[in-house]
Each structure stands twice: as structure tokens, then as C-alpha cells.
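Colleague: Sequence plus the predicted model coming up.
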Amino acid sequence: MNGTASSRNTPMHLHILGTRGEIPKSAPRHRFHSGVLINGKVMLDLGERTFLRFKPLAIFITHLHPDHAAFVREPFAIRIPTYAPELGRYPFLRIAHAITIDTHKVRPLPTHHSSKVGSYAYLVEHLGKKILYTGDIVWMDAKYRKQVGKLDCVITEASYLREGGLVRKDKRGKLYGHAGIPNLVRMFKPHTKRIILTHFGSWFFKDIEKSRRALAALAKKHKVEIIVGYDGMTLSV
């Protein structure tokens with residue numbers, strides 16, 4: 001088999017580090033805030049200081065909220081190149097264009113989430129594989145979704161199961177908040193048949209088995225695979 005064909009068959013290894021939204025701890029497999037490690041080298045979000053023990057080559061922050069950027073709540077030193085949509089008071093690197101980390105191309109794509117801080121999703125490409133990680137999100141404009149193309153999976157949030165999620169408008173008419181899972185499924189299913197959920201809201205923990213059944217029904221309705229992430233989950237795409 002030639003090198004090109006072999007590269008296309010090389011899986012991308014995902015390690016889901018944290019799956020709890022900004023809510024109290026209530027389930028042992030969902031203790032930690034957001035973070036995903038790709039091939040042991042690229043980290044997306046740093047919801048917990050302890051994630052630094054994995055020693056990635058670079059860290060990419062979706063937005064400067066403490067459950068995605070733990071240093072916002074309690075400052076600490078990070079001696080790993082760290083990229084974010086904006087810097088604020090932090091000595092990081094502002095990312096505006098795609099960069100390459102080892103054999104991983106990481107492209108920032110603007111999203112709507114907060115009325116106070118900027119937010120990006122990250123498109124990560126590695127040897128023919130492509131994933132999109134959104135962090136928290138209300139919406140991604142069509143012009144950016146066109147850049148995504150076909151994906152091996154989307155990793156997105158699960159703050160709200162209900163249609164519409166929790167979305168508001170600020171005084172300027174800008175949307176902010178969290179989309180509902182049905183809205184996210186409809187937005188991303190043209191790009192992938194596999195959606196991995198993280199950042200669970202309190203709805204999920206009231207009755208986890210019932211919540212899983214509701215997600216299974218949603219997956220069947222939209223003819224996609226919905227994977228319920230948990231802290232420490234590993235999988236390959």
C-alpha cells in the first residue's frame with residue numbers, strides 16, 4: 001500500500017477529558033469541565049488545570065469562560081503554546097488563521113455563543129481525517145460551515161436537550177447562549193453522521209438512563225450516530 005493510501009486510513013485518536021458544563025458535580029463519569037486531546041498532541045479547551053499533565057504540543061481555547069479555560073477562575077502558569085480567539089489579560093497567542101502543529105492543521109472558525117467574549121470552533125485535519133470541535137455554541141454562520149465540508153465527526157455541547165436551547169439577545173440584537181441539541185444535530189448532520197456530545201447540562205443528570213434514551217431517539221430520527229461522551233472516554237475516527 002502506498003503512503004498516500006495508508007495516510008487516509010490512519011485513525012485520529014480522541015481522548016475526551018471532561019464533559020461537565022458549568023454546573024455542580026453530580027456523576028462520577030462527568031466530574032471535569034471541557035477538554036479534548038487529539039493524538040496526544042493537540043488539546044482543545046483547558047477546563048481543568050490537571051489536564052496540563054498530558055503535556056500536549058499546543059492548547060486551543062474556544063472562549064474565555066472558566067469551564068473551558070480554567071485559568072480564568074484561578075490564574076496559573078501554562079508553559080505550553082496556548083491559542084485563543086482573544087487575549088484579554090492573558091499572555092497567550094491570538095489565533096486568526098490556520099496553523100500546523102506537528103501533522104495537525106488547526107483552523108479557527110468564528111461561532112456565536114457569548115455577548116462578552118469571542119468564540120471559535122476548531123477544525124482539525126490530520127492525515128485525511130477531519131473533526132470539528134465547537135465548545136459552547138448558539139450558531140455558526142453558513143459561510144464558515146461551507147469551509148468545513150465532510151467530517152469524520154463533530155464534538156459539540158449538550159447544555160440543553162430541548163428545542164431552541166437557551167438563546168437570548170443583547171441590546172445590540174446579538175444572539176448569545178446555548179443551542180439545543182436538536183438544533184445542533186440539524187446544523188451539523190449535512191457534514192457528518194457522527195456527533196459526540198460533551199459539556200452536559202443539569203437535564204442529563206436528573207435521570208441519565210432516560211436522557212440516553214432521549215438522545216438515542218433523536219439519533220434515530222435524524223439518522224445520525226450520537227455518542228454520549230464521558231470523562232476519560234477514548235475513541236478513534
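Modeller: That came through, no problem.
Colleague: tell me which residues in the lengthiest helix in the chain are buried?
Modeller: When the chain is parsed with DSSP state H, its longest helix is helix 208-222. For helix 208-222, a neighbour-count test (16 or more other CB atoms under 10 Å) marks 211, 215, 218-219, 222 as buried. Where you see a C-beta, it was placed from the backbone N, CA and C, and this is true even at glycine.
Colleague: for these, which one is nearest Thr62?
Modeller: Checking these against Thr62 by CB to CB gives Leu215 as the nearest, at 22.3 Å.
Colleague: if you skip the residues just before and after it, what's nearest to the closest one?
Modeller: Ile226 (5.1 Å; CB to CB, 6 or more residues apart in numbering).
Colleague: what about the one you found, which SS state?
Modeller: strand (DSSP: H, G, I helix; E, B strand; the rest coil).
Colleague: Next one: it relative to Leu93, how far apart?
Modeller: 34 Å (CB to CB, to the nearest Å).
Colleague: For the two, indicate the residue with more neighbours.
Modeller: Neighbours were counted for Ile226 and for Leu93 using other CB atoms under 10 Å; Ile226 has more, 19 against 15.
Colleague: Could you look up the next helix or strand downstream of the strand or helix carrying Leu197?
Modeller: Assigned by DSSP states H and E, Leu197 belongs to strand 194-200. Per DSSP H and E, the first helix or strand lying C-terminal to strand 194-200 is helix 202-206.
Colleague: Just the residues contacting that next one, thanks.
Modeller: Helix 202-206 has contacts (CB atoms under 8 Å, 6 or more residues apart in numbering) with 21, 23, 26-27, 30, 158, 160-162, 211.
Colleague: Can you lay out these as a markdown table showing distance to Thr82, pLDDT and secondary structure?
Modeller: Listed next are these as a markdown table, based on distance: CB to CB, whole Å; pLDDT from 0 to 100; DSSP: H, G, I helix; E, B strand; the rest coil:
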| residue | distance to Thr82 | pLDDT | secondary structure |
| --- | --- | --- | --- |
| Gly21 | 22 | 98 | coil |
| Ile23 | 25 | 97 | coil |
| Ser26 | 30 | 94 | coil |
| Ala27 | 29 | 96 | coil |
| His30 | 25 | 98 | coil |
| Ala158 | 25 | 98 | strand |
| Tyr160 | 29 | 98 | coil |
| Leu161 | 32 | 98 | coil |
| Arg162 | 34 | 98 | coil |
| Ser211 | 33 | 98 | helix |
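Colleague: quick one: which of the residues you listed is most hemmed in?
Modeller: Of all the contacts of helix 202-206, Ala158 has the most neighbours under the rule other CB under 10 Å, reaching 26 neighbours.
Colleague: ok, that one - contacts?
Modeller: Applying CB under 8 Å, 6+ apart to Ala158 gives the contacts 21, 181, 197-201, 204.
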